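Participant: build me a model:
(2 chains)
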Amino acid sequence: MSLIKLTGGRVIDPANGVNDQVRDIYVRDGRIVAGPNEHEKITAEYNIAGRIVMSGAIDMHSHIGGGKVNIAREMLPEDHRGDPLERTELTRSSCGHAAPGTLAAGYRYAEMGYTAAFEPAILPINARQAHMEMGDTPILDTGGYAMLGSDDFFLRMMAAKEDQKAINDYVAWTLNATQTVGIKIVNPGGISAFKFNQRKLDLDEQNAYYGITPREIVKVLSRAVHDLGVPKPLHVHASNLGVPGNVDTTLGTMDAAEGLPIHLTHIQFHSYGTEGDRKFSSAAARIAEAINQKKNVTADVGQILFGQTVTASGDNMVQYRNADHGSPKKSVIMDIECDAGCGVVPFKYKDQNFVNALQWAIGLEIFLMVDDPWRVFLTTDHPNGAPFTTYPHLIKLLMDRSFRNAMLDTINPDARAMSNLAGLDREYSLYEIAIMTRAAPAKLIGLADRGHLAPGAAADIVVYKEDADRERMFEKPELVFKDGELVVRDGRIVKVVRGNTHAVKPEFDRSIEKKIEPYFQRYHSVRMNNFKISDDELCECGGGSKLIAHACKKRG
Amino acid sequence: MSALVFTLRNAPAQRVDAGALNPTALAGLSVADIAALTLQIGKRTVRVDEVFTLEGDDTADLVFRGDCGKFERIGAGMKSGRVTVEGNAGAYVGQGMLGGTIAISGNAGAFCATGMKGGRIEVAGDVAEFAGGAIPGEMKGMAGGLLLVGGNAGERLGDRMRRGQILVSGNAGDYCGARMIAGTIAVAGTVGAYPGYLMKRGTLIVNSLPTQMLPGMVDCGPHRLGFLSLLYASWKGLPGAFGALDASACTVRRYMGDMGVVGRGELLVRA
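Facilitator: Take a look at the predicted model:
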């Protein structure tokens, strides 16, 4: 039994409505508790008077595991040579800036006060590999969203007009088999359409082979996720990513959910208009207005920040188009097991490039124009918009208007002229930052014991030294606790622990396997029973991570 | 001020990254500071003065004395100044170098001048394979500057070379100018099999036909190329076989290739 006391910190805990109140926090055996029992001794006390206390930050969309991340790593030896991380007595050596190794990812996230990250695109056939990589990522809690929507089995079901219940069973079966916490769609049906030589697929355009439109896919899958009671709304990477004028597609995709919860991811890349001389403009205002109005919609931004990174996406249609813009000029565009695709293109965002500069401004406009911080999330779509290590810089851009305007003055002048960013006075408060990086992601994904500091919560706690320079403040927290263990002190790892794996296990009619098994037998490279990941295997290949299964309340 | 001389105490058994010991990185440091810098030898981290004895104080003029064949990245990233190696040097000499001069009296290891953008490297002896070539993952090899080789060059000389000049007084190995993007390579002795393999653009100048030619190199007949007289004149006075060429002797047999790719490279065989 151990009892830790954090004394006198200024607690910011939006999930419980606590805004900057001085409170003591007690931690017993990895959990936050109300206070000591009678005669209980405090084993360790940290005097953190005047310090800001928040729960551990949660990145709800970060590509840290799975096939395409590994391809990015293999493709960018220069990224690894250029950013080595030496071993210490505690930590192992690793490397990588844009596509860091698992160890570097875990250490660096923890050093910034992040205690959980979710891989948003796990192709079911790659789930085992993804879990192994995430299990190898130290300190962080992990989980993933399974990718459906362009896989042959699902599209066959759609083409055969199978009923919603059958789809629900397939979705639930997939979640169970892949040990994931949500469902993601990438370019609904588009990855499949690419293989039938379609190079674009609009919301109401049919896949040339199956005759299914992206709208139908979004509708059916958002219904399935809702019916099964999966807390995390359907995670949607909409059609036409990066295409000027895609705002209409994005708004249409919101409507395709027909009022059910839907999460639009890296929405910055989906908020483009066609105004101006160069036929590329910001549609952030329309997107923000739609999010403000439609309470079923949540979004993460996918902010870009200038510099070298790598874009890794399941959206082979878009990446095929972008391959020529790669810098350095190399790319991988490939099919994966006929079930989805993958495209990896290294990219250098430049502040003097009109398009990149406007993308930067559009992301910030969305952050500042969406009123409700519970429904907009702080992401760079790591590494697609920028590596996650840029988060403190991004937080400063949101919290410090003069800094933001100073940055705005240095970007491409034509882009600056096209943006209304200079006119946006809003500055995020610490409370709002705590919502969008802690409370809201935990609520969105359904992590009942994370993202807050009330008794019963897991003791993922971050202590910051207040600093007017918010970048410095969020870069190096003073203390980070993971499940009650002190893992970071003054921005340096002091202990390496193993995080947990989060998953959901919705119920379903087992007879669906009668259809899936012969399908695997006939078409797949593995048999169904080898495809499924059991709890024991998950924990074993996760290097001993604990599995935390979250409850689903069936609604259908 | 006299040249700062690093005299090797004992040749290490393992490879050592000596990239930090270059005039640009050492500028402004005292000899005591330099002596206290550390190098990594296998698992051990050792001070510079445990490996070398130091003499002199001019950080813009460095001299390495002793067999430095295990020391890699000598002069990497330097912008100006001079590095002299009295003996052999290891791999990656002058990697990403921007300016200044490196002179090696012995041989240099693999990937000499990789990613070099400016300045001059003179190797009196031989260079191993991939001189001026791209290290794995890089899209370009040498991208500017001049590499002079007194002896022979190994295989894949100038692989993915993008710009700059490589002049070899001795022979070059197989696949000379492989995947070349642009730039100039001249070889006074013989070249191995398949020069210009997958070359897109660029110029290879040789004195005799290689033993094995790629089918993708197409004979375009004899030409008198005016630019050669300018090129030869620019080399006037350089050490080695190219410093005293007759600028008027600019008739060559021209082969273009590799037709397997872009095919705008040229192999010029001097008459």
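Participant: how about the residues of the stretch 1-150 of chain B by chain A?
Facilitator: Counting by Cβ under 8 Å from any Cβ of the partner chain, the stretch 1-150 of chain B comes close to chain A at B:136-139. In short, each C-beta sits where N, CA and C put it, glycine included.
Participant: ok, and the most crowded of those residues?
Facilitator: In terms of neighbours by other Cβ atoms under 10 Å in any protein chain shown, those top out with residue B:138 at 18 neighbours.
Participant: which SS class is that one?
Facilitator: coil (DSSP: H, G, I helix; E, B strand; the rest coil).
Participant: does it really touch residue B:116, like I thought?
Facilitator: No - Residue B:138 lies out of contact with residue B:116 (Cβ atoms under 8 Å); the separation is 11.9 Å.
Participant: with adjacent residues omitted, what lies nearest to residue B:35?
Facilitator: Excluding the flanking residues, the one nearest residue B:35 by Cβ to Cβ, 6 or more residues apart in numbering or on different chains is residue B:49, at 3.8 Å.
Participant: from chain A, how far off is that neighbour?
Facilitator: 22 Å (Cβ to the nearest Cβ, to the nearest Å).
Participant: A helix includes that residue, no?
Facilitator: Yes - looking at residue B:49 with three-state DSSP, it is inside a helix.
Participant: thinking it is in contact with residue B:38, fair?
Facilitator: No - using Cβ under 8 Å, residue B:49 makes no contact with residue B:38, being 10.4 Å away.
Participant: the two: who's more crowded?
Facilitator: Per other Cβ under 10 Å, whichever of residue B:49 and residue B:38 has more neighbours is residue B:49, with 16 against 13.
Participant: need the residues of the stretch 1-150 of chain A near chain B, please.
Facilitator: Residues of the stretch 1-150 of chain A lying close to chain B (Cβ under 8 Å from any Cβ) are A:75-78, A:81.
Participant: just the buried ones from those residues?
Facilitator: A:75-76, A:78 (16 or more other Cβ atoms under 10 Å in any protein chain shown).
Participant: from residue A:108, how far off is the closest residue to chain A within the stretch 101-250 of chain B?
Facilitator: Using Cβ to the nearest Cβ, the single residue of the stretch 101-250 of chain B nearest to chain A is residue B:137, 3.2 Å away. To residue A:108, residue B:137 is 22 Å away according to Cβ to Cβ, to the nearest Å.
Participant: of the residues of the stretch 1-150 of chain B next to chain A, which one scores lowest on pLDDT?
Facilitator: Across the residues of the stretch 1-150 of chain B next to chain A, the bottom pLDDT score, 84, is held by residue B:137.
Participant: show me what contacts that one?
Facilitator: By Cβ atoms under 8 Å, 6 or more residues apart in numbering or on different chains, the residues touching residue B:137 are A:75-78, A:81.
Participant: tell me where the stretch 401-550 of chain A has helices.
Facilitator: Ranges of helices in the stretch 401-550 of chain A, per DSSP state H, counting those that start in this stretch, are A:401-408, A:413-418, A:430-434, A:440-445, A:470-475, A:513-523, A:528-531, A:535-541.
Participant: can you check which of those gets nearest to residue A:90?
Facilitator: For the helices of the stretch 401-550 of chain A, the distance to residue A:90 is smallest for helix A:470-475, at 19.8 Å, taking Cβ to Cβ.
Participant: helices and strands around the closest one, which ones?
Facilitator: When contacts are defined as 3 or more Cβ pairs under 8 Å, 6 or more residues apart in numbering or on different chains; DSSP states H and E, helix A:470-475 packs onto helix A:391-399.
Participant: quick check: closest non-adjacent residue to residue A:437.
Facilitator: Per Cβ to Cβ, 6+ apart, closest to residue A:437 is residue A:57, 4.4 Å.
Participant: give me the number of residues near that neighbour?
Facilitator: Using other Cβ under 10 Å, the number of residues around residue A:57 comes to 26.
Participant: do the same with residue A:206
Facilitator: Counted with other Cβ under 10 Å, the neighbours of residue A:206 add up to 16.
Participant: that one against residue A:215, yeah?
Facilitator: No - assessed by Cβ under 8 Å, residue A:206 is found out of contact with residue A:215, at 10.3 Å.
Participant: contacting residues for the residue nearest to the spatial centre of chain A?
Facilitator: Among the residues of chain A, residue A:61 comes closest to the average C-alpha position under Cα atoms, centre = their mean, at 0.5 Å. Residue A:61 sits next to A:118, A:120, A:235, A:265-266, A:300, A:302, A:377, A:379, A:381-382 when contact means Cβ under 8 Å, 6+ apart.
Participant: give me the element it is part of.
Facilitator: Under the criterion DSSP states H and E, no helix or strand holds residue A:61.
Participant: could I get the pLDDT score of it?
Facilitator: 97.
Participant: so how far is residue A:49 from it?
Facilitator: In terms of Cβ to Cβ, residue A:61 sits 35 Å off from residue A:49.
Participant: what's the burial count for residue A:240?
Facilitator: The burial count for residue A:240: 27, using other Cβ under 10 Å.
Participant: contacting residues around the closest residue to it other than its chain neighbours?
Facilitator: When the adjacent residues along the chain are set aside, residue A:240 lies closest to residue A:246, with 4.0 Å between them (Cβ to Cβ, 6+ apart). By Cβ under 8 Å, 6+ apart, the residues touching residue A:246 are A:238-240, A:270-272.
Participant: could you check how far the residue in the stretch 401-550 of chain A that chain B sits nearest to is from residue A:44?
Facilitator: Minimum separation of the stretch 401-550 of chain A from chain B (Cβ to the nearest Cβ) falls at residue A:492, amounting to 19.3 Å. Using Cβ to Cβ, we find residue A:492 at a distance of 18 Å from residue A:44.
Participant: that's all I had, so thanks and see you.
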